[in-house]
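Colleague: the amino acid sequence is not available; the structure is as follows:
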């Protein structure tokens, strides 16, 4: 009876192995057994890799792998954690500087806001006090009235006031016996005078006042009442808030 051999039918992988082995055996027969083993050159993922062959040749030559061939040099592998730490430190430093700048800006804005709020109240009180003195006079004691008014003035406006009162107001008031009395308008209910702040910074505040001026002179019969709106610019000085500008609206 003929001998029967059992086993799995050769699959595609087996055929590839047998074919490679047969091809290698044929090549060895052509070269002879005394030819020294040579290196096999395999192209892998765009690179050439040299593989040392065994002394007796390949029984089943290796097939090249199709996986990407990547290799980090020791220097690159060692520098990678260092670069990560450096980038982290730079990022943290940048965030810290930005936070400090934001805190400084917000702190400055808060401080300026508080100073401006205090300036509003202080300048408004000074304007209410200055307006009657600056806008009033009596021909019978002009020098005294003008001197009192100058204590509330500062800067170029002070020099302008001196020039105007000397060349225009004093001669006219003396000639027509003029008397002007100014008061900041106030509601009949006794509430705060009619004043408001137009703009304010820590060192300069613009105030709007409603001023009543009662004028008597030889040019009018009885007393004339003028209801005026006056804009005063108040400037902070070493001696307190002073008037640096007056405009009639």
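Modeller: Noted; the coordinates are in hand. Computed from a predicted model, the values in this text were never measured in an experiment.
Colleague: which strands and helices lie in contact with the longest helix seen in the chain?
Modeller: What stands out as the longest helix in the chain, according to DSSP state H, is helix 74-134. Here helix 74-134 touches helix 142-150, strand 179-184, strand 195-200, strand 204-216, strand 224-237, strand 240-248, going by 3 or more CB pairs under 8 Å, 6 or more residues apart in numbering; DSSP states H and E. In short, each C-beta sits where N, CA and C put it, glycine included.
Colleague: what count of nearby residues applies to the residue nearest to residue 206 when sequence neighbours are not counted?
Modeller: Of all residues beyond its chain neighbours, the one nearest residue 206 is residue 198 (4.1 Å), with distances taken as CB to CB, 6 or more residues apart in numbering. Each residue near residue 198 was counted by other CB atoms under 10 Å, and the total is 11.
Colleague: one more: residue 142?
Modeller: For residue 142, using other CB under 10 Å, the count is 17.
Colleague: hmm, back to that, for the helices and strands packed on helix 74-134, which one sits closest to residue 81?
Modeller: strand 195-200 (56.7 Å; CB to CB).
Colleague: hang on, the earlier thing: now the residue nearest to residue 206: how far from residue 127?
Modeller: In this view, residue 198 and residue 127 are 11 Å apart by CB to CB, to the nearest Å.
Colleague: one more: residue 162?
Modeller: Separation of residue 162 from residue 127 (CB to CB): 20 Å.
Colleague: could you chop this structure up by domain?
Modeller: 12-71, 106-248 (automatic domain parsing).
Colleague: re earlier: overlap of the contact sets of residue 198 and residue 127?
Modeller: By CB atoms under 8 Å, 6 or more residues apart in numbering, residue 198 and residue 127 have these common neighbours: residue 207.
Colleague: and residue 162 and residue 127? which has more neighbours close in?
Modeller: Taking other CB under 10 Å, residue 162 and residue 127 do not tie; residue 127 has more neighbours (28 against 14).
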